[in-house]
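**Student:** Based on what follows, work out the 3D shape:
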Amino acid sequence: MADLEKSDMERQVKAALMTALRRIISAIDQYWLTGYDQILESLEKLTGSFVRYPEAKPEIVKSGLETRLRNAVQDAANLITISVPTALMLTQSVSTYFSN
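**Tutor:** Numbers count the residues shown, from 1 in each chain. Presented below is the predicted three-dimensional model:
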């Protein structure tokens, strides 16, 4: 999060990404209570941020956050072993986004 806060991205894009990452963290923290649905929803919101702010991609790659975001999504997706197809789809979406 600190690297994201220090980045040169537009404030609106930075805020959207930080909110999405905080949702993932919160969903993981509450997994025992809410199950995997909240994690899945938070991952969907993160990938939605990429769609909503395509101009953020070069900044994310330039800042080195790309790998960290991929790892965060992968780690969260690994928690969703019950919903493997959906988790894999989200992981592939993020990987594809940064590969293009």
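**Student:** count of neighbours near the closest residue to Ala56 other than its chain neighbours?
**Tutor:** Spatially, and ignoring its direct neighbours in sequence, Ala56 is nearest to Val13 (4.4 Å; C-beta to C-beta, 6 or more residues apart in numbering). Yep, even glycine has a C-beta here, placed from its N, CA and C like the rest. Around Val13 sit 20 other residues, with neighbours defined as other C-beta atoms under 10 Å.
**Student:** Need the contact partners of whichever helix or strand Val13 is part of.
**Tutor:** Val13 belongs to helix 11-29 when assigned by DSSP states H and E. Residues from elsewhere that reach helix 11-29 (C-beta atoms under 8 Å, 6 or more residues apart in numbering): 1, 4-5, 7, 9, 34, 38-39, 41-43, 45-46, 48-49, 52-53, 55-56, 59-60, 72, 76, 79.
**Student:** Below-threshold pLDDT in this structure: ranges please.
**Tutor:** 1, 79-100 (pLDDT under 70).
**Student:** Centroid-nearest residue for it?
**Tutor:** Leu46 (4.1 Å; C-alpha atoms, centre = their mean).
**Student:** Let me see the contact set for that residue.
**Tutor:** 17, 20-21, 23-24, 69, 73, 94.
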